[in-house]
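**Q** below are the sequence and a predicted model; questions follow.
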Amino acid sequence: MISEILDLVEKHECWRGKQCLNLIPSENVMSSTVRKLLSSELGHRYTARDRFYMGTKFTDEIEQYGEELAKKVFKCETADLRPLSGHIADLIFLASFTEPKDTLICVSPSDGGYPGMWEDGLAGLLGLRVQAFPFSKEDMNIKVKEAEEIIERVKPKVVIFGASLITFPQPVKQLAEVASESGAYVGFDGSHVLGLIAGGQFQDPLREEACALFGSTHKSFFGPQGGIILSDKEHGEMIRRRIYPAIVDNAHWNRIAALTLALAEMKSFGETYAKQVICNSKTLAKALSDYGFPVACKHLGFTESHQVYLDYGDYEKGRVVAEKLQRANVIVDCAIRVGTCEITRRGMKEAEMDQIADLLKRIVHDEENLDRIKKEVAKLCADFQKTEFCFE
């Protein structure tokens, strides 16, 4: 039994870690030092704000250090590293500012919004009414004028920007004032673009009048899987009161230690990393478009994020393409969102984006022998095994 478990993990690490071109935008890789902290002695331990547990002096210092780093990286007044995931961070924000029958406005899953926020997810769990932002599929963004009218008419309790499919900055600044005047709390789910925000290369929701920025720490941000909440002092204190003991008890302090080091890496290397991510996305998008792939938003320059969206119309058509790519060890999701965050962290740049576009063309359009292409993919990956934008 032991050997079987170890063998499965080893096979996964060899395949996904060394032989696959990982283009899923919701994944990234940690530096080896950050990864080591996940298996540290901290993983056995507890601490608590009420000082119930003894032996926590270093654990508490690590958490405090991480919060201070997060405040510097995101230029905010409060930071909380305890959410166990982006989903839990969403839950904490909604639970802090809503009551049953309140209305939430966010991007619909049919427009690329996060399904976990919708009727079958947190909105339903908390008894919230949910209203979709008016959305332009052509521009892959919220329609500002129509959104203003809905906010004024519906008077939501909470307005949340951000999405699972997000290629361009969203109109937070344009809509935050009308939302606030209507009595709404404005939040930004930065799960996907958190690393780009940290690097100063996307948009800056907290300077655009959002009261909180929250989400995952393992997508364009290159930390461990988990969540974070960043806010001003007033709203941050309101959020803190909701976290413990209602939603998070043991916050996994090995994860918080790893996240703290990832924050230090982002503080030192985030700007260069985020610029390269976006440059890679643009280069890859143009090359794929030139090869005839259905890359969305050509008229807007394709993308300003870590995502390139190939619009095949529906997930079933996308699944056919995704499964074909997987047979050649190229990993995407069924949307199809092609992500550049992980390959950028492995050191790939514009030349490799052209090479990747050529590989995708040969797999999807030219129908070349997939075993032969799989070997080329493995060779490309073998040349980029080192993690960049870190202290190592």
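**A** Perfect, I can see it now.
**Q** which non-adjacent residue is nearest Pro156?
**A** Once flanking residues are discounted, Pro156 sits nearest to Thr103: 4.2 Å by Cβ to Cβ, 6 or more residues apart in numbering. In this view, the C-beta of every residue, glycine as well, is placed from N, C-alpha and C.
**Q** list the buried residues of stretch 38-56.
**A** Buried residues in stretch 38-56, counting neighbours by 16 or more other Cβ atoms under 10 Å, are found at 38, 42, 45, 47, 56.
**Q** what is the nearest of these to Asp80?
**A** Taking Cβ to Cβ as the measure, Asp80 lies nearest Thr47 of the buried residues of stretch 38-56, at 14.2 Å.
**Q** my guess is the closest one meets Thr56, correct?
**A** Yes - with contact defined as Cβ atoms under 8 Å, Thr47 counts as touching Thr56 (3.9 Å).
**Q** quick one, domains of this structure?
**A** 33-263, 270-382 (automatic domain parsing).
**Q** closest one to Glu27 among the ones you listed?
**A** Each of those has some distance to Glu27 by Cβ to Cβ; the shortest is domain 270-382, at 5.8 Å.
**Q** mind checking the end-to-end distance for the closest one?
**A** By Cα to Cα, to the nearest Å, the extent of domain 270-382 from end to end equals 25 Å.
**Q** give the rounded mean pLDDT of that domain.
**A** Per-residue pLDDT values across domain 270-382 average out to 97.
**Q** can you start the count at 34 instead of 1 from here on
**A** Noted, 34 is the first residue going forward, which turns the last one into domain 303-415.
**Q** that domain: how far from the chain's middle?
**A** 18 Å (Cα atoms, centre = their mean, to the nearest Å).
**Q** which residues sit in contact with the residue most central in space within the chain?
**A** Closest residue to the average C-alpha location of the chain: His225 at 2.3 Å, with Cα atoms, centre = their mean. His225 is in contact with 58-59, 195-197, 199, 248-249, 252-253, 338-340, counting by Cβ atoms under 8 Å, 6 or more residues apart in numbering.
**Q** mind listing what's buried in stretch 231-244?
**A** Buried residues in stretch 231-244, counting neighbours by 16+ other Cβ under 10 Å, are found at 231-232, 234-239, 241, 243-244.
**Q** the residue nearest to Pro189 bridge partners, please.
**A** Counting by DSSP bridges, Thr136 is bridged to Arg162.
**Q** so how far is Lys190 from it?
**A** In this view, Thr136 and Lys190 are 6 Å apart by Cβ to Cβ, to the nearest Å.
**Q** cool, Tyr306 as well?
**A** From Tyr306 across to Lys190, the span is 36 Å (Cβ to Cβ).
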